[in-house]
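Next come a sequence and a model predicted from it.
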Amino acid sequence: MNSPRVSDMPLSQRFFELEEDTWGTHDTQFWVLEPDNIGDGARCPRCGDPIGMLDWLPPHRVRLELYGQGLGDFVRGPGGGNSFLISERFADAFRQEGLTGLLGFHPAEVSRVIRKRKGPKPGAVPRYFAVKPCYSRAAVDEAHSHIRRVEPVTCPECRSTGVDSIHGYTLEPGTWSGEDVFRPRGLPGSILVSERFAELVRRHGLTNMKLTPTEEYVWDPLRLGPPAATAPGGPS
């Protein structure tokens, strides 16, 4: 019998994969100026494996590269680990409306802005803050997701393995505790956001963000296609 499609699964809360809007009107990237300014990343308390990249430590000094027409409110870049930059207006809206899940809010120093494609001269540079999403108890539902893993999940705590492709996924009911931005167990490299976060982005017109419902999200750099069959069940 064929397993149900992810999009057919009943969801009381919809989640979205957060990515930068590459090639969009506010496509912006940062480069860390002090790449050795890093600390140990988090590890699984059960198996001891890493559950994220190394931490980017203050002070946060960056160079911005502008590919779009204007600077984005959400900026990622190499060397930032799990952290990214958000503009002051993004930070203000997030905190004023009581959203949760972002940690840090350390001021970032922008040394310069380099335009990488043709476009207008960059305007005033907004204040930016370095933040990172919390690591949540929310867990990927292996039985109802379409993830091609390098090897089977063995740790019931972090549930982390290498991933070859993703063709839609969902979270186990009852594991999410209400964060609006978070990294889930089973896909610690992904940044997930809530419907409330998606509404914040829409209402405030926040830029350089692409939000894809998790059940529609596809990541398949090797073009392997979806897995032949969904795993019979994840760890308890």
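Thanks, I have it.

just how off-centre is the lowest-mean-pLDDT helix or strand in the chain within its chain?
Across the helices and strands of the chain, the lowest-confidence element by mean pLDDT, DSSP states H and E is strand 38-39, at a mean of 93. Relative to its chain's centre, strand 38-39 lies at 19 Å (C-alpha atoms, centre = their mean, to the nearest Å).

same question for the next helix or strand after it, mean pLDDT?
Using DSSP states H and E, the next helix or strand after strand 38-39 towards the C-terminus is strand 55-56. The average of the pLDDT scores along strand 55-56 is 95.

after strand 55-56 comes which helix or strand?
strand 60-66.

partners of the least confident helix or strand of the chain, with directions?
If you go by DSSP bridges, strand 38-39 pairs up with strand 55-56 (antiparallel).

Flag the shaky bits of this protein, pLDDT-wise.
1-12, 229-236 (pLDDT under 70).

Quick one: the helices in the chain, in order.
Counting by DSSP state H, the chain has helices at residues 88-96, 195-204.

now those helices in a markdown table, with distance to residue 82 and mean neighbour count?
From N, CA and C alone the C-beta is placed, and that goes for glycine too. Converted to a markdown table, the helices of the chain look like this (distance: least, C-beta to C-beta, whole Å; neighbours: other C-beta atoms under 10 Å):
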| stretch | distance to residue 82 | mean neighbour count |
| --- | --- | --- |
| helix 88-96 | 17 | 16 |
| helix 195-204 | 17 | 16 |
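
Now render those helices as CSV, adding distance to residue 13.
Compiled in CSV, the helices of the chain are given as follows (distance: least, C-beta to C-beta, whole Å):
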stretch, distance to residue 13
helix 88-96, 19
helix 195-204, 6
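
Tell me which of these approaches residue 67 most closely.
Of all the helices of the chain, helix 88-96 sits nearest to residue 67, with 18.8 Å by C-beta to C-beta.
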